[in-house]
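# Test case, fold it:
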Amino acid sequence: MAEKFPKDRFDVIPDDIQRVGAHRAPHQKGRGWIGFAWAAVATILLIGVGVFGLYLINGSIAFNGSPTGSHTPTATPTPTPTITPTVDPKLNVTVLNGTTTAGLANQVGDALVAKGWKVVSRANASQSNITTTVVYYSDPKNAAAALGAAQSLPGATTALTQDFVETGADLTVVVGSDYKAPAG
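Next comes the predicted model:
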């Protein structure tokens, strides 16, 4: 719809002149979407560059707030029919509570100390929904000791894994919800 302006010298066009004054073309329909599309493409590109940068820095991509991701430790159950369980008080043992039961790491740590083990650390695991109690060891020479620690805890199993090497402990006990304190 044309706007009404007072008449001026540009409204009357002489016959010998083709054009007088500045004329503007009407705005193209849909031009606002072009800016929005460029902003969306730029946002997606920046997010992609950020995720790729995090992958280069961390070596993995984890969206749960944890730098390495909170995952259940991968373990390979080891057959133990020929291994004789031993108690080795020289080995360092770490006890991690993988349940919601408060103080369970201390309780299990005390039980291991009473059986002759050297418990150097007691803490909560990164997850509180662990269902099975497992004694993890990273060096195969500690298999007999891991089996001995597992026998000190009713229902515990053993597993060879490299997931707990950075703790510096020879054995790591992750207490699950299946743990039952021995009677007496």
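# What are the boundaries of the strands in this protein?
76-77, 92-97, 118-124, 134-137, 157-160, 171-175 (DSSP state E).
# which of those strands sits most buried?
For these, the largest average neighbour count (mean count of other CB atoms under 10 Å) is found in strand 171-175, namely a mean of 27. For the C-beta atoms, the positions are set from N, CA and C on the backbone; glycine is no exception.
# Between strand 92-97 and that one, find me the angle.
In this structure, strand 171-175 runs at an angle of 20 degrees to strand 92-97, with axes from the mean of the first three to the mean of the last three CA atoms, to 10 degrees as the basis.
# okay if I get the strands of the chain as a markdown table plus mean pLDDT?
Compiled in a markdown table, the strands of the chain are given as follows (pLDDT from 0 to 100):
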| stretch | mean pLDDT |
| --- | --- |
| strand 76-77 | 70 |
| strand 92-97 | 91 |
| strand 118-124 | 90 |
| strand 134-137 | 91 |
| strand 157-160 | 89 |
| strand 171-175 | 91 |
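# now those strands in JSON lines, with distance to D110?
Conversion of the strands of the chain to JSON lines gives the following (distance: least, CB to CB, whole Å):
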{"stretch": "strand 76-77", "distance to D110": "27"}
{"stretch": "strand 92-97", "distance to D110": "9"}
{"stretch": "strand 118-124", "distance to D110": "8"}
{"stretch": "strand 134-137", "distance to D110": "16"}
{"stretch": "strand 157-160", "distance to D110": "21"}
{"stretch": "strand 171-175", "distance to D110": "12"}
